Structure formats: structure tokens, C-alpha cells
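J.: sequence plus the predicted model coming up.
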Amino acid sequence: MTWVRIDDGFPGHPKVLKAGGDAAWLHVCALAYCNHYLTDGFIPTAMLSRLSDRKRPTALAARLVEVGLWEEAQTGWQIHDFLEYQSSKASVEAERLKARERMANARASSPNVRANNTTNKPRSSDSPSQPSPAQPIDEQVRDISTPVDTPSAGRDWSFSRMSAVADNYARIALQQANGINNRDAYQRTARKTALEHPDIGRYLERWPTAPPDAIAAWLHGDKHSMSYYHDTADDELAPVTDIRGET
């Protein structure tokens, strides 16, 4: 989860007052969208009507450009000086990676994990390619997450990006579930399910600019989460079966 930084003088800022209430609220919603999807302040044209429920959102966007809060871009708008106040995509992803590594190290050093690794070592007859049930979950995931295909140049098929997709899928699954007693176990299962999905590598290849949470939402059934990002497929987007077997 990311946060929007707005100082306490925002409501009285001359640009905000000049833009008006509807345009100012559109600006706040756009800040939240950009932080959530890590767009570094870019708002696609197709997203505008979803950020404002007013009849003429383009007029509000033009107003924000006029007062200097937004700038026109080729396929949408760019929030002026976004990175001076908000976190960049690179910094957010770096912090998320550090957090995952800290969690993995903490689990690996847990007395329970060390005891399990000692008492439940795999037999010599076990296949070395199969992860031991006693391994920490991150080590199990690493064994199954390496793409089989050779990645195209410029595409990020790294374990960290696939892991981020799985983390977000587990978060979404937990949010939409009811009556879960063991939340940690449920999230671990959902995370592993996402990484074992046969199409996760294809999604990373097909939408190279999409953030991990958007890909995770697509995997979980939100067929609109990828519509704002560059699609490398030449043909029209075909229905894809998600993890739950739905189209």
C-alpha cells in the first residue's frame, strides 16, 4: 500500500482555489490512482472518466492544466512536480523488495523453521527438483517461479516482480474472502497459487509497463485492471481464464 502526500495547506492553495472544488477532487483522486498503480504521476486518457463522476471530466482536466496542477501529455496528463512530493515507482518497489527480504530472513531465522528443517529433511531418494515442505515459503516459491521461456529483451521477468504479483494476489484474495480463520496460511496458499499459474509469465511479457498489483488484479478476475497499460499483443485482447477457472 502506498500513501498520498498532501500538506495541510492544500485546501487554501491558490491553484486549488482557482481550479474549483470538482477539479480539486479530481486532482486528489488522480494522486491516489497514480500512487496506487505507480504511474509516476501519469493519468491515461481512458482513466479520466473513472476518476470523476462529473458529466464533463475533460473540462475539469483542462482546468487543472490551466491552473498549473496538471500538464498535457501525448496519451493523457502528467501531474505537475509529482515526484517532488510523491514516491516514485522505483523507490516504492525497492522498499517492497527490502520488506519481503526482511520477512524472508525473519522466517528463515525463526526457531520453528529451523526445527522443521532439522527434523523434516528430505530423504535421499526424494527428487532434488521438488521443494521440501519444511522449506521457508519463499524458498518453495523460488523453485517454481523461474520462467520456462526465454524473456524478450527489455522485459522484467525477475523473481522480484513475479513475487510482487503473488504478494498482491494474496492480499486481494484475503480482502475478498470471508470467514478465514488462519489468515497467514490462506495468504501463503493464494501466493503459491498465483506463482504456479501457467500464464503469469505471459502476463508479465504482454503488459511490460503494468505494475504488479494490476497484474494480480487481472489474475484474480478484474478484467479492467490491464486496460490502462501498453499491450504487446497485436491482436485484440482475448478472454483469459483466471486462477479460479472463470473467464
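T.: Looks like it arrived, so ask away.

J.: and the most centrally placed residue in the chain, how far is that from residue 94?
T.: By C-alpha atoms, centre = their mean, the mean C-alpha position of the chain lies nearest to residue 213, the distance being 1.9 Å. Applying C-beta to C-beta, to the nearest Å, one obtains 16 Å for the distance of residue 213 from residue 94. For glycine as for every other residue, the C-beta is placed from the backbone atoms N, C-alpha and C.

J.: just residue 217 next, same as before
T.: Here the criterion is C-beta to C-beta. By it, residue 217 lies 22 Å from residue 94.

J.: do a quick rundown of the strands in this protein.
T.: Counting by DSSP state E, residue ranges of the strands within the chain are 42-44, 70-73, 76-79.

J.: would you format these as JSON lines with mean pLDDT included?
T.: Converted to JSON lines, the strands of the chain look like this (pLDDT from 0 to 100):
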{"stretch": "strand 42-44", "mean pLDDT": "95"}
{"stretch": "strand 70-73", "mean pLDDT": "96"}
{"stretch": "strand 76-79", "mean pLDDT": "96"}
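
J.: quick one: closest of those strands to residue 176.
T.: Put simply, out of those the one that sits nearest residue 176 is strand 42-44, at 25.6 Å, with distance taken as C-beta to C-beta.

J.: now do the longest helix seen in the chain, average pLDDT.
T.: When the chain is parsed with DSSP state H, its longest helix is helix 89-108. Mean pLDDT, helix 89-108: 87.

J.: buried stuff in it?
T.: The neighbour-count check on helix 89-108 (16 or more other C-beta atoms under 10 Å) flags 89, 92-93, 96-97, 104 as buried.

J.: which of those sits closest to residue 204?
T.: Each of the buried residues of helix 89-108 was checked against residue 204 using C-beta to C-beta; the closest is residue 93, at 13.8 Å.

J.: mean pLDDT per helix and strand in the chain: which one sits at the bottom?
T.: The weakest-scoring helix or strand in the chain, judged by mean pLDDT, DSSP states H and E, is helix 137-144 (a mean of 36).

J.: can you put the strands of the chain in a markdown table and add mean neighbour count?
T.: What follows is the strands of the chain, written out as a markdown table (neighbours: other C-beta atoms under 10 Å):
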| stretch | mean neighbour count |
| --- | --- |
| strand 42-44 | 21 |
| strand 70-73 | 16 |
| strand 76-79 | 20 |
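
J.: for these, give me a markdown table that also has distance to residue 2.
T.: Rendered in a markdown table, the data for these read as follows (distance: least, C-beta to C-beta, whole Å):
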| stretch | distance to residue 2 |
| --- | --- |
| strand 42-44 | 15 |
| strand 70-73 | 20 |
| strand 76-79 | 14 |
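
J.: quick one: closest of those to residue 166.
T.: When the strands of the chain are compared for distance to residue 166 using C-beta to C-beta, the nearest one is strand 42-44, at 25.6 Å.

J.: now that closest one: how far from the chain's centre is it?
T.: 16 Å (C-alpha atoms, centre = their mean, to the nearest Å).

J.: before we move on, the earlier item: quick check, the residue nearest to the centre of the chain in contact with residue 37.
T.: Yes: judged on C-beta atoms under 8 Å, residue 213 makes contact with residue 37 at a distance of 7.0 Å.

J.: where along this structure do the helices fall?
T.: With DSSP H as the criterion, the chain has helices spanning 14-19, 21-37, 48-51, 57-67, 82-85, 89-108, 111-119, 137-144, 159-176, 183-196, 200-206, 212-219.

J.: who wins for proximity to residue 204 among the strands of the chain?
T.: strand 42-44 (19.9 Å).

J.: each with direction, which strands does the closest one pair with?
T.: Here strand 42-44 is paired, per DSSP bridges, with strand 76-79 (antiparallel).
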